[in-house]
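Visitor: I'll drop the sequence and a predicted model, then ask my questions.
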Amino acid sequence: MRTQHRRLLGELIGSAGLAVAVIGSGIMAANLSPSDVGLQLLQNSYATALALAVLIAVLGPVSGAHFNPVVSLAERVLDRDARTPGETAAYIVVQVLGCSLGAVLANLMFDLAPVTIATTERADLPRLLAEVVATAGLVTTIFVLVRAGRAALVAPAVGAYIGAAYYFTSSTSFANPAITVGRMLSDTFAGISPGSVLPFVVAQLVGAALAVLVVRALAPASAVPTSGSVTQGTSSPA
């Protein structure tokens, strides 16, 4: 298999795995703790954080383990030599496809219809602000570590960040346009209504743009060379 095809397959599998973890753990949490939303969120965040760290560690050497369009776009701005614009576009397509397929798989595993359009409205001003903050923090965490030559810490750091951001943001930290689209396809604990998707994605793009400015200020030059991915050996998600 050609290297580029292998990278795209890695992004597809990783994005699908992320959606399965987010949505599947949300469904399981609602089944296990139907009357305790706080406990549901704890179960959902714990499973997501661990799964994300594993996915990044395993697939980082294959594709860079972005699993997230804002990470791919930030990489394009911060490191134009990492991949071509066409490769970045292909990454984004497979990330959205992977998260959509993962949502379908999660629904099927819990004996739900393959696609159940979510009805949970989330796009109020406080949660949109939270998405800006969550995304800015995620992208900053990834690229400051990479530019500091500490790419090996990205997998645990991103898992820890997302697990924490479930609680310190009112949006529960989607921070990822692809998973936002995927979560639209499951009317369960992790779902988001179609009308809330575009505002969330816009907020995430704003957060990523702010993060690029912060990364350039904090770490203006990469401390280690890159090799066609966000990191060497490990990379980012969420």
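Guide: Now that the structure is in, tell me what you want to look at.
Visitor: Give me the buried positions along stretch 194-209.
Guide: 196-197, 199-201, 203-209 (16 or more other CB atoms under 10 Å). No exception for glycine: its C-beta is placed from N, CA and C like everyone else's.
Visitor: For Ala113, which non-adjacent residue is spatially closest?
Guide: Asn107 (6.4 Å; CB to CB, 6 or more residues apart in numbering).
Visitor: Which neighbouring elements make contact with the strand or helix carrying that neighbour?
Guide: Per DSSP states H and E, Asn107 falls inside helix 85-109. Packing contacts for helix 85-109, counted by 3 or more CB pairs under 8 Å, 6 or more residues apart in numbering; DSSP states H and E, involve helix 3-32, helix 69-78, helix 177-183.
Visitor: could you point out which element follows that helix?
Guide: Next along from helix 85-109, by DSSP H and E: helix 125-147.
Visitor: one step back: list the contacts for the residue nearest to Ala113?
Guide: 23, 113-116, 185-186, 188 (CB atoms under 8 Å, 6 or more residues apart in numbering).
Visitor: now the chain, which segments are flagged as low pLDDT?
Guide: 222-238 (pLDDT under 70).
Visitor: which one in the protein is furthest away from the centre?
Guide: Ser35 (28.0 Å; CA atoms, centre = their mean).
Visitor: tell me the SS of that one?
Guide: coil (DSSP: H, G, I helix; E, B strand; the rest coil).
Visitor: A strand includes Ile162, no?
Guide: No. According to three-state DSSP, Ile162 belongs to no strand; its state is helix.
Visitor: pretty sure it is touching Ala49, no?
Guide: Yes. Assessed by CB atoms under 8 Å, Ile162 is found in contact with Ala49 at 5.5 Å.
Visitor: who's more crowded, these two?
Guide: In this view Ile162 and Ala49 are compared by other CB atoms under 10 Å, and Ile162 has more residues nearby, 28 against 23.
Visitor: picking that back up, so which of the contacts of Asn107 is the most crowded?
Guide: Most surrounded of these: other CB under 10 Å gives Ile23, at 32 neighbours.
Visitor: Isn't that residue up against Ser100?
Guide: No. Checked against CB under 8 Å, the pair Ile23 and Ser100 is beyond contact range at 10.9 Å.
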